[in-house]
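Q: Take a look and give me a structure for this.
(one chain, ligands or ions: 1)
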Amino acid sequence: MAMQVQVACDSCGAELVPDAAYCERCGTRTHRAKRMVRLAIRVELLFFFLVCAVVVGFAWIYSVQK
Ligand SMILES: [Zn+2]
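A: Next up, the predicted model:
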């Protein structure tokens, strides 16, 4: 996966500052910010399923131990 640096806004074409998350002119998210959001959602989902698995696991253990 190549890490290409985005230099201009997709929406308005304005030049972006390095490592910018948003376009300074129109507020559109940069590719980098979109990637970060996707990653954050993935981590959150993973965490959610992990918690669910732990809860279900404990409920199962308690029901079996009775
Ligand atoms: Zn823009």
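Q: Could I get the contacting residues of residue 46?
A: Counting by Cβ atoms under 8 Å, 6 or more residues apart in numbering, residue 46 touches no other residue. C-beta here means a position set from N, CA and C on the backbone, and glycine is covered the same way.
Q: Enumerate the residues of this structure near the ion.
A: 9, 11-12, 14, 23, 25-26, 28 (Cβ under 5 Å from the ion).
Q: try it again with 8 Å
A: Proximity of the chain to the ion, by Cβ under 8 Å from the ion, involves residues 9-14, 23-28.
Q: neighbour-wise, which of these leads?
A: Compared across the residues of the chain next to the ion, residue 23 has the highest neighbour count, 22 neighbours, by other Cβ atoms under 10 Å.
Q: For residue 8, see how far away that one is.
A: 9 Å (Cβ to Cβ, to the nearest Å).
Q: Next, show the common contact partners of these two.
A: With Cβ under 8 Å, 6+ apart, residue 23 and residue 8 have common neighbours 14, 16.
Q: Can you show me the CA trace of stretch 38-56 as CSV?
A: Extracted as CSV, the C-alpha positions of stretch 38-56 are listed here (Å, rounded to 0.1, in the frame of the first residue of the first chain):
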residue,chain,number,x,y,z
ARG,A,38,-12.1,4.3,9.0
LEU,A,39,-9.3,3.0,11.3
ALA,A,40,-11.0,4.4,14.3
ILE,A,41,-14.4,2.8,13.4
ARG,A,42,-12.7,-0.5,12.9
VAL,A,43,-10.9,-0.4,16.2
GLU,A,44,-14.2,0.7,17.9
LEU,A,45,-16.1,-2.2,16.3
LEU,A,46,-13.4,-4.7,17.3
PHE,A,47,-13.5,-3.4,20.8
PHE,A,48,-17.3,-3.6,20.9
PHE,A,49,-17.3,-7.2,19.7
LEU,A,50,-14.6,-8.1,22.2
VAL,A,51,-16.7,-6.7,25.0
CYS,A,52,-19.7,-8.6,23.7
ALA,A,53,-17.7,-11.8,23.6
VAL,A,54,-16.5,-11.3,27.1
VAL,A,55,-20.1,-10.6,28.4
VAL,A,56,-21.5,-13.6,26.5
